[in-house]
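**Student:** Got a predicted structure here, sequence first:
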Number of protein chains: 2
Amino acid sequence: MPTVTMIGGGQLARMTHQAAIALGQCLRVLAVSSSDPAAQVSADVVVGSHDDLSALRSAARGATALTFDHEGVPLAHLQALEADGVTVRPPSAALHYAQDKLAMRSRLAELGLPVPDFVDLAGDHDDARTRLIDFGERHGWQIVVKAVRGGYDGRGVWLLDDRDEALAVFDDQANGSVGLIAEQKVPMRRELSAMIARSPFGQGAAWPVVETIQRKGQCAVVIAPATGLPDDVAEQAQQMALRLANELGVVGVMAMELFETDRGEIVVNELAMRPHNSGHWTMDGAVTSQFEQHIRAVLDYPLGGTASRAPVTVMANILGADDAPTMSMDERLHHLMARMPDAKVHLYGKGERPDRKIGHVNIVGTEADSVDDVRERAERAASWMSRAEWTDGWDPHS
Amino acid sequence: MPTVTMIGGGQLARMTHQAAIALGQCLRVLAVSSSDPAAQVSADVVVGSHDDLSALRSAARGATALTFDHEGVPLAHLQALEADGVTVRPPSAALHYAQDKLAMRSRLAELGLPVPDFVDLAGDHDDARTRLIDFGERHGWQIVVKAVRGGYDGRGVWLLDDRDEALAVFDDQANGSVGLIAEQKVPMRRELSAMIARSPFGQGAAWPVVETIQRKGQCAVVIAPATGLPDDVAEQAQQMALRLANELGVVGVMAMELFETDRGEIVVNELAMRPHNSGHWTMDGAVTSQFEQHIRAVLDYPLGGTASRAPVTVMANILGADDAPTMSMDERLHHLMARMPDAKVHLYGKGERPDRKIGHVNIVGTEADSVDDVRERAERAASWMSRAEWTDGWDPHS
């Protein structure tokens, strides 16, 4: 059987290893430490950094394909691996767009896909400042400044609503080595995610479009499928993601994060070319999980079915609490299992730090459940696991 | 988080490791070789034999609980571990009944559970031969001779239907170190399995009763739930299994294999106190898989929901073929995925030998599917994976 190497030993690699086991494989992981979430559970771990080309080469040796649990590998290293003959999936030419928000925005605009208005803030400081002021005035200072590279889970993203604040962020950040862009803040109803997979053969597969609920700049809850989304809009989102994956030569799974605007249109926000938080619901709620699908795609296997296995599945992230609960994770798990025998808990083996993603809960609804009920249960379960308090669940009547 | 050690590195341990990952754990495995199915995929492997007390002690060190993927650990070793203070689950006092068919039969009879008529063939050869002849005559020589210990997948079991054959088996086998019993061959419609779990706290949980189809003395296909089984009979089977687990102090999952007689009654055949082939369907077809449930039970967590997630799920074993196919397992998997995007394949990382269990396929049906269709697809998928021939699927019209 083939061997897939995944660069990065986080929870995405951990869950990909679970899926690899069923396919007769063991995921090889390049992890920074042997205590990383995936390194704790895989029999095939190379310890080293994704910044270190020799570590990347060690991890790639003898592997059928090389893939990623994050976007952090320097592009030059990916190109060097490709020159070595390593099967890098997604290839550097595609991954580039997931690493560089400016390149991504420009390419999307070029392809005629709906994107928020944006402006590049690279180059001469004063010129860029002038462009920012023009852009800000045009959008009533309802803008977002973003680092072109390296942002995730709210880092490298500044949501702004006035001129002084925006210029302060710009002046503060523009001296760093990372480029910046500014984007229009799109007036929106909600955020969506269209998750798809594409194989080198060119096969595509799309899961139902989901709603994602963000808190503190990171994904907190996913409702699958997105409730009340018109079929034509859902299909448009899926088609956009499949088309883009094809245009960019993406291999593996890809999440296209979207805004549903106040007018019911969809606009592309971000891209991730790897398993993604908005796809965790598929582990229990879809015929094929995003993790199995990613392996299938990078190995050029035919893709698995993407149908939902239930009318609704809600995923809620378990986040580290501000004040670590005195009750251990193990005890919390006992209590959760006692209260909700059907909660599907996925823990990542990570230490608890405020707002850190340390696990998630999926609740798979039945025909008898309302979406609100399923969501309330998922949020209550995740909140309990985070804080050891039952009272902080989401209130559908709030 | 706690650590569970499983003795034995086969496919049951491999799939238990998958389930452990979701619970924030890594399964520690005592495997005979680092190439054993579970040792290929777990980060925590002790290489050694289940016959070797010092290896057992190494594997138990620091573990929260010790459990098993087979019945092969000598009872004296289990008792020694218990004397060391190791939490052995199921405890030796219960596991004894899964290791010794005579003790099991006697205890079941004592508890008033329905068992086939049986006779102990231990002791003086001539006396035992006389008892066998009496027993055979009484049952028209429709009998089964079984080794008291160590049999599995048809080994150590002789299905007989005439006197000369029976006596030949007896004379041949009775000289070995393993005791024998003879049992009445029960005139039956089909075989069933009642899979349950029990925690030390005393909580019990039962999955729907399934039908098992045996070929060459080993499980080939499982239909979940068993079709057309009257509710009261299904409930009786579940209650029997739960009661027995309670009486014996079983901890973990337990399979009670049953005969449904020609008259629609149920009779206990065998017991297994571990994840069991008749429970593989739960990985894709039930709220909680038998593997997660086993971990929950041995750690005294509250048990997970056991409801079916679909109207029917069929499991078919992938067996090594008599003539190894020229097409590799990997190529066969490609073709299967292309034909059946919703087939759930589970491969064990084992070499192919005739009739060896090397994987299984679950097909999860929808309301639109007939049981026959789902079974036909599962058998076709498994047959393809075994032999690289599409033509050998089960024919519902045969």
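**Tutor:** Now that the structure is in, tell me what you want to look at.

**Student:** which residues of chain A fall in helices?
**Tutor:** Under the criterion DSSP state H, chain A contains helices at A:11-22, A:53-60, A:75-84, A:92-99, A:101-110, A:125-138, A:163-173, A:231-248, A:282-285, A:290-298, A:329-339, A:371-387.

**Student:** For the shortest one, what is the distance to the chain centroid?
**Tutor:** The reference is to helix A:282-285. 16 Å (CA atoms, centre = their mean, to the nearest Å).

**Student:** That one - what's its average pLDDT?
**Tutor:** For helix A:282-285, the mean per-residue pLDDT is 98.

**Student:** For that helix, which helices and strands make contact with it?
**Tutor:** Judged by 3 or more CB pairs under 8 Å, 6 or more residues apart in numbering or on different chains; DSSP states H and E, helix A:282-285 is in contact with helix A:290-298, strand A:344-347, strand A:357-364. (Glycine included, C-beta is placed from N, CA and C.)

**Student:** could you redo the last one with a cut-off of 7 Å?
**Tutor:** Helix A:282-285 makes packing contacts with strand A:357-364 when contacts are defined by 3 or more CB pairs under 7 Å, 6 or more residues apart in numbering or on different chains; DSSP states H and E.

**Student:** Give me the sheet partners of the strand it packs on and which way each runs.
**Tutor:** strand A:313-319 (antiparallel), strand A:344-347 (antiparallel) (DSSP bridges).

**Student:** Most tightly packed of the ones you listed?
**Tutor:** Comparing the strands paired with strand A:357-364 by mean neighbour count (mean count of other CB atoms under 10 Å in any protein chain shown), strand A:313-319 comes out on top with a mean of 28.

**Student:** got the angle between it and helix A:371-387?
**Tutor:** Interaxial angle of strand A:313-319 relative to helix A:371-387 (axes from the mean of the first three to the mean of the last three CA atoms, to 10 degrees): 20 degrees.

**Student:** orientation of strand A:313-319 relative to helix A:329-339 in degrees?
**Tutor:** Using the same axes, to 10 degrees: strand A:313-319 against helix A:329-339 is 150 degrees.

**Student:** Give me the mean pLDDT for strand A:313-319.
**Tutor:** Mean predicted confidence for strand A:313-319 is 98.

**Student:** picking up where we left off before, worst average pLDDT in the helices of chain A?
**Tutor:** Taking the mean pLDDT of those, helix A:163-173 comes last: a mean of 90.

**Student:** send the alpha carbons of it over as PDB?
**Tutor:** The C-alpha trace of helix A:163-173 is given here as PDB (Å, rounded to 0.1, in the frame of the first residue of the first chain):
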ATOM      1  CA  ARG A 163      -9.700  55.900   9.800                       C
ATOM      2  CA  ASP A 164      -7.400  56.500  12.700                       C
ATOM      3  CA  GLU A 165      -7.500  52.900  13.800                       C
ATOM      4  CA  ALA A 166      -6.900  51.700  10.300                       C
ATOM      5  CA  LEU A 167      -3.900  54.000   9.800                       C
ATOM      6  CA  ALA A 168      -2.500  53.000  13.200                       C
ATOM      7  CA  VAL A 169      -2.600  49.300  12.200                       C
ATOM      8  CA  PHE A 170      -1.100  50.100   8.900                       C
ATOM      9  CA  ASP A 171       1.700  52.200  10.300                       C
ATOM     10  CA  ASP A 172       2.300  49.500  13.000                       C
ATOM     11  CA  GLN A 173       2.300  46.500  10.600                       C
END
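
**Student:** how about it: buried residues?
**Tutor:** A:166-167, A:169-170, A:173 (16 or more other CB atoms under 10 Å in any protein chain shown).

**Student:** A:V250: which of the residues you listed is nearest?
**Tutor:** Within those, proximity to A:V250 (CB to CB) peaks at A:Q173, which comes in at 29.3 Å.

**Student:** does chain B sit close to stretch A:190-209?
**Tutor:** No - against chain B, stretch A:190-209 shows no contacts by CB under 7 Å from any CB of the partner chain, the least distance being 8.1 Å.

**Student:** Show the end-to-end separation of that stretch, please.
**Tutor:** 13 Å (CA to CA, to the nearest Å).

**Student:** so how far is it off the chain centroid?
**Tutor:** On CA atoms, centre = their mean, the centre of stretch A:190-209 falls 13 Å from that of its chain.

**Student:** Would you mark the buried spots in it?
**Tutor:** In stretch A:190-209, counting by 16+ other CB under 10 Å, buried: A:190-200, A:203-209.

**Student:** same deal with stretch A:61-76?
**Tutor:** A:63-71, A:73.

**Student:** re earlier: the buried residues of stretch A:190-209 in strands, which ones?
**Tutor:** A:190-198, A:204-206 (DSSP state E).

**Student:** that older thread, ok, of the buried residues of helix A:163-173, which one's closest to chain B?
**Tutor:** A:Q173 (36.8 Å; CB to the nearest CB).

**Student:** shouldn't the closest one be in contact with A:I181?
**Tutor:** No - in terms of CB atoms under 7 Å, A:Q173 does not count as a neighbour of A:I181; the distance is 11.2 Å.

**Student:** Can you pull the residues of the stretch 151-300 of chain A lying near chain B?
**Tutor:** Near chain B, when you scan the stretch 151-300 of chain A using CB under 7 Å from any CB, you find A:287, A:296.

**Student:** Identify the residue of the stretch 151-300 of chain A closest to chain B, quick one.
**Tutor:** Counting by CB to the nearest CB, the stretch 151-300 of chain A gets nearest to chain B through A:V287 (5.0 Å).

**Student:** beta partners of the residue nearest to A:A381 when sequence neighbours are not counted?
**Tutor:** Closest residue in space to A:A381, ignoring its immediate chain neighbours: A:V361 at 4.3 Å, by CB to CB, 6 or more residues apart in numbering or on different chains. Per DSSP bridges, residues listed as beta-bridge partners of A:V361: A:A316, A:V345.

**Student:** go on, A:L258?
**Tutor:** A:L192, A:V268.

**Student:** repeat for A:K146
**Tutor:** A:K146 forms beta bridges with A:V157, A:I181, as assigned by DSSP bridges.

**Student:** Among the ones in strands among the buried residues of stretch A:190-209, list the two that are farthest apart in space.
**Tutor:** Longest span within these, CB to CB: A:R190 and A:R198, 25.9 Å.

**Student:** burial of A:H280, as a residue count?
**Tutor:** The number of residues packed near A:H280 is 30, by other CB atoms under 10 Å in any protein chain shown.

**Student:** repeat for A:T326
**Tutor:** 7.

**Student:** Return the distance of it relative to chain B.
**Tutor:** 17 Å (CB to the nearest CB, to the nearest Å).

**Student:** need the contact list for A:S92.
**Tutor:** A:75, A:78-79, A:82 (CB atoms under 7 Å, 6 or more residues apart in numbering or on different chains).
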